[in-house]
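Enquirer: Can you look at this prediction? I've put the sequence above it.
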Amino acid sequence: MSGNGRREILLVAVLATLVAVPCLRATEEAVAVALYIDPPPPEVICEKMSEKLLRGITNVATSPLEVPKQVYYTTRDHGVVTGPFLGLLKGVGMTAYRAVVGTFETAFFFVPAPGYYDPMAHPAYVWGE
């Protein structure tokens, strides 16, 4: 590719970035302005905060249930030879993940993030699919 071709590609990439970044920022600002102009009623905010707090406490308390869940699903998907071993490793990892996420949700239940009090872990609870 010639030097002029590279310059043209670089110019197009820079221009596309300059156009895209303000559009993304405008979307974020529009959501923030919409929540500022028409904020939800206090009872909705309190409900969302309490859901996040209870979800966090529940995830910390039930995080050890990830081990049997992951062993079962991994054994079902990969067979009885490798499933229990891989499931145990996945279960231990998911237990730590769910406990940390639950701790953060419990500690920061008053912060409307991520999203608008959305769950940080998916599924929201250990028993979800």
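Expert: Perfect, I can see it now.

Enquirer: From here on, just use CA atoms for contacts and neighbour counts.
Expert: OK.

Enquirer: helices and strands around whichever helix or strand Val101 is part of, which ones?
Expert: Assigned by DSSP states H and E, Val101 belongs to helix 83-107. Here helix 83-107 touches helix 42-62, helix 66-78, going by 3 or more CA pairs under 8 Å, 6 or more residues apart in numbering; DSSP states H and E.

Enquirer: so the shortest one versus helix 83-107, what angle?
Expert: For helix 66-78 against helix 83-107, the angle between stretch directions is 140 degrees (axes from the mean of the first three to the mean of the last three CA atoms, to 10 degrees).

Enquirer: Can you spell out which helices and strands pack onto helix 66-78?
Expert: Partner elements for helix 66-78 (3+ CA pairs under 8 Å, 6+ apart): helix 83-107.

Enquirer: ok, back up a step: would you mind giving the helices and strands packed on helix 83-107 as TSV with distance to Glu8, mean pLDDT and mean neighbour count added?
Expert: Below are the helices and strands packed on helix 83-107 laid out as TSV (distance: least, CA to CA, whole Å; pLDDT from 0 to 100; neighbours: other CA atoms under 10 Å):
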stretch	distance to Glu8	mean pLDDT	mean neighbour count
helix 42-62	50	94	18
helix 66-78	50	95	18
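
Enquirer: For Val81, give me its contacts.
Expert: Thr75 (CA atoms under 8 Å, 6 or more residues apart in numbering).

Enquirer: Helix, strand or coil: sort out it for me.
Expert: For Val81, the assignment made with DSSP: H, G, I helix; E, B strand; the rest coil gives coil.

Enquirer: Let me know the distance separating it from Thr75.
Expert: Going from Val81 to Thr75 by CA to CA, to the nearest Å gives 8 Å.

Enquirer: any weak-confidence spans in the protein?
Expert: Scanning the chain for pLDDT under 70 picks out the ranges 1-5, 10-36.
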